[in-house]
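S.K.: Dropping a prediction and its sequence here:
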Amino acid sequence: MRRSTRMLILLSGLCLAANTALGAEPYLAGLRRLTETQYRNSIADIFGPAIAVQGKFEPDRRIGGLLASSGTSLSITPAGLEAYAKMADGIARQVVDEKNRARLIDCAPQSPTAPDRSCAAQILQRYGLLLFRRPLSAQEMKARLDAADTATKLSGNFYTGLRYSLTTLLSAPDFLFRVEMGGPRDHTLDGYSRAARLSYMLWDSTPDMALLDAARSGALDSEAGVKAQAARLMASPRLETGMRAFFSDFLEMDTLGTITKDPTIYPKYSDEIASSAREETLRTIIDLTLKKDGDLRDMFTTRRSAINRPLAWVYDVPYNLSGEWMPYEFAEDSGRSGILTQVSMLSMFSHPGRSSPTKRGVALMDIFLCEPTPTPPANVDFSIVNDTNNPNLRTVRDRLLAHATTPQCASCHTHSDPIGLTLEQFDSIGERHLQEAGRDVDASATISGKQFSGGAGLGQYLHDNPKVPACFVRKLYAYGVGANSEEVEKKAVQPFLDGFVATGYRLPALLRSIVTSPQFFAAPPPAGAPATISRNEHQRG
């Protein structure tokens, strides 16, 4: 009975939400599936961090260098739907559990064994607003109350009925997707869609009640209202959470969770090292860009970092702090220069048993210069690159240069290898090694007529390269609006780039200019969309 009731209520909730979207107010401008971190952060903010989220999420895929941009094109598979339904039920079960009721349930039913529509409505109205990021319509509320009544009568327990009704909210498309609505007269997002776009951009989470109130009152329909809310969100410590999510995506740090290293060659490497490496890079960037409001480009040249004991072991530096993390500045002769020479970036883009100038070069060209390298043809012969026993090709550089003489390989390798070769003084897990096959490692490169060497030379090259801030601005904007960065036109982001340069490459100023611009809330209507659908028609739909 419980299984069939749960599925019945779930399906009715899904159908209702889908119908609501089709009759949406005034037109459906976009759907963006929540990322895993957005889902987890939203649940924590709505119900509290003590509510556990357990289950398998639908995989994202990188589009234009960003996972977040795939949310506009991804759906949910049948298996994924079942997984989300189980997660929803697990969350709802915890919400109505006796140990959480005093904190999460606003009222007590007249009888714990019978329906109480008044109490249920009070609870569902609150959580419906927070989960759907807009108020529930009368039809949506009635459907959830009917579901709660039915389940309560079948189970003889008010909280069981409430649990099933909450499950329909948690598994509905209006929660799993950010439903963005556009206005027919000005083709801009409505207030609630603006609230969600602001909040997920800056906090990586659902709008709080103050932001939803601003949407309800119409304050977000004005430039002054948007600026006021943006300033409030940016003044919050939660901005760090939002920017950590962006930089994790921008730097492709999800890769750290999937790589492996040969334990016989790299016994130091472990999941703990991977986790610590990710944290080091994020701490470095957040400290530079948010806490110190520094020049973003200095992330390529700074020798200042924060390390813990496992990382000190890899870096072969003293660790003299009793706490978990300590600030550390690498010596000038250490070869370290910014995030490119940290364990995270060096280990992510290497092979399990050796470094890879090609993988490193391909990644850095794509991430920082917005210059993706074409996928190699299927018939490429990699035997030269992989032959470490050839006495005439003793180093990685030797083998890559020989491989690149093949016409079908030359264009790609001359594009990506020079940058990667400058990092050859670091092995697959980021430890420094200065010799290979009995010879000093050659970490020199020439790109566009500029010669440099090593991590420090590469860091300065990227620091001074005007393509880097242009690429960064494009990806940050694409991240916020859910676009493919490769399809964002230069003229669309040029004003943001000009302001970024003028303010000394400061991230807060760039964020402020993007999220307060009319362009950030633009909602071009889909081809063939009806001219107008009124708010009342949407609520009746």
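M.R.: Looks like it arrived, so ask away. Quick caveat, the model's predicted, so the values are computed rather than measured. Numbers count the residues shown, from 1 in each chain.
S.K.: where does the stretch 251-400 of the chain have low pLDDT?
M.R.: Counting by pLDDT under 70, the stretch 251-400 of the chain has low-confidence residues at 376-400.
S.K.: Please enumerate the strands of it.
M.R.: 304-307, 326-329 (DSSP state E, counting those that start in this stretch).
S.K.: Also the chain?
M.R.: For the chain, the strands defined by DSSP state E cover 27-33, 177-182, 304-307, 326-329, 435-436, 439-440, 444-447, 450-453.
S.K.: follow-up on the earlier one: need the winner for burial among the strands of the stretch 251-400 of the chain.
M.R.: With neighbours defined as mean count of other Cβ atoms under 10 Å, the strands of the stretch 251-400 of the chain peak in mean count at strand 304-307, which reaches a mean of 20. In this view, the C-beta of every residue, glycine as well, is placed from N, C-alpha and C.
S.K.: hmm, back to that, what's the closest of the strands of the chain to residue 196?
M.R.: Judged by Cβ to Cβ, the one of these that comes nearest to residue 196 is strand 177-182, at 5.3 Å.
S.K.: picking up where we left off before, take the strands of the chain and write them to a markdown table, including distance to residue 371.
M.R.: What follows is these, written out as a markdown table (distance: least, Cβ to Cβ, whole Å):
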| stretch | distance to residue 371 |
| --- | --- |
| strand 27-33 | 27 |
| strand 177-182 | 30 |
| strand 304-307 | 27 |
| strand 326-329 | 32 |
| strand 435-436 | 28 |
| strand 439-440 | 30 |
| strand 444-447 | 11 |
| strand 450-453 | 16 |
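S.K.: Comparing these, which comes out most buried?
M.R.: strand 177-182 (a mean of 23).
S.K.: Taking strand 27-33 as reference, get the angle to that strand.
M.R.: Put simply, strand 177-182 runs at 160 degrees to strand 27-33, going by axes from the mean of the first three to the mean of the last three Cα atoms, to 10 degrees.
S.K.: quick one: contacts of strand 177-182?
M.R.: If you take Cβ atoms under 8 Å, 6 or more residues apart in numbering as the criterion, strand 177-182 is touched by 21, 24-34, 71, 133, 173, 188-190, 192-193, 196-197, 200, 523-525.
S.K.: picking up where we left off before, dump the strands of the stretch 251-400 of the chain into JSON lines; add distance to residue 66 as well.
M.R.: Listed next are the strands of the stretch 251-400 of the chain as JSON lines, based on distance: least, Cβ to Cβ, whole Å:
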{"stretch": "strand 304-307", "distance to residue 66": "25"}
{"stretch": "strand 326-329", "distance to residue 66": "30"}
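S.K.: Of all the ones you listed, which one comes closest to residue 446?
M.R.: Taking the strands of the stretch 251-400 of the chain one by one with Cβ to Cβ, strand 304-307 is closest: 28.9 Å.
S.K.: strand partners of the closest one, parallel vs antiparallel please.
M.R.: Paired with strand 304-307 in the same sheet, following DSSP bridges, are strand 326-329 (antiparallel).
S.K.: what's the neighbour count on residue 516?
M.R.: A count of nearby residues for residue 516, using other Cβ atoms under 10 Å, gives 18.
S.K.: Hmm, residue 230 and it touching each other?
M.R.: Yes: with contact defined as Cβ atoms under 8 Å, residue 516 counts as touching residue 230 (5.3 Å).
S.K.: For residue 365, find the nearest of the strands of the stretch 251-400 of the chain.
M.R.: That would be strand 304-307 among those, by Cβ to Cβ, at 24.0 Å.
S.K.: contacts for that closest one?
M.R.: Contact with strand 304-307 is made by 276, 280, 283-284, 287, 315, 317, 319, 325-330, 336, 342, as judged by Cβ under 8 Å, 6+ apart.
S.K.: Can you show me the CA trace of that strand as PDB?
M.R.: Only the C-alpha atoms of strand 304-307 are listed here, as PDB (Å, rounded to 0.1, in the frame of the first residue of the first chain):
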ATOM      1  CA  ARG A 304      51.000  32.300  -1.000                       C
ATOM      2  CA  SER A 305      48.700  29.400  -0.200                       C
ATOM      3  CA  ALA A 306      47.200  27.400   2.700                       C
ATOM      4  CA  ILE A 307      48.300  23.800   3.300                       C
END
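S.K.: Do you have the helices of the stretch 401-541 of the chain handy? List them.
M.R.: 407-421, 454-464, 467-481, 490-502, 507-515, 535-540 (DSSP state H, counting those that start in this stretch).
S.K.: Could you check the angle the third one makes with helix 490-502?
M.R.: Orientation of helix 467-481 against helix 490-502 (the same axes, to 10 degrees) gives an angle of 120 degrees.
S.K.: In PDB, list the C-alpha atoms belonging to helix 467-481.
M.R.: Taking Å, rounded to 0.1, in the frame of the first residue of the first chain, the C-alpha atoms of helix 467-481 are listed here in PDB:
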ATOM      1  CA  LYS A 467      42.700  36.500 -23.500                       C
ATOM      2  CA  VAL A 468      42.600  35.300 -19.900                       C
ATOM      3  CA  PRO A 469      40.300  38.000 -18.400                       C
ATOM      4  CA  ALA A 470      38.200  37.900 -21.600                       C
ATOM      5  CA  CYS A 471      37.700  34.200 -21.200                       C
ATOM      6  CA  PHE A 472      37.000  34.400 -17.500                       C
ATOM      7  CA  VAL A 473      34.300  37.100 -18.000                       C
ATOM      8  CA  ARG A 474      32.600  35.000 -20.700                       C
ATOM      9  CA  LYS A 475      32.500  31.900 -18.500                       C
ATOM     10  CA  LEU A 476      31.300  33.700 -15.400                       C
ATOM     11  CA  TYR A 477      28.500  35.300 -17.400                       C
ATOM     12  CA  ALA A 478      27.600  31.900 -19.100                       C
ATOM     13  CA  TYR A 479      27.600  30.300 -15.600                       C
ATOM     14  CA  GLY A 480      25.100  32.800 -14.300                       C
ATOM     15  CA  VAL A 481      22.600  32.700 -17.200                       C
END
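S.K.: Please identify which of the helices of the stretch 401-541 of the chain is closest to residue 75.
M.R.: Short answer: helix 467-481, nearest of the helices of the stretch 401-541 of the chain by Cβ to Cβ, at 19.7 Å.
S.K.: Residue 515 contacts residue 198, correct?
M.R.: Yes: judged on Cβ under 8 Å, residue 515 makes contact with residue 198 at a distance of 5.9 Å.
S.K.: the more surrounded of those two?
M.R.: residue 198 (26 against 22).
S.K.: ok, now which ones touch the more buried one?
M.R.: 207, 211, 226, 229-230, 233, 515.
S.K.: out of those residues, which is most surrounded?
M.R.: Counting neighbours by other Cβ under 10 Å, residue 207 leads the contacts of residue 198 with 28 neighbours.
S.K.: Please name the residues that touch that residue.
M.R.: Residue 207 neighbours (Cβ under 8 Å, 6+ apart): 133, 195-196, 198-199, 215.
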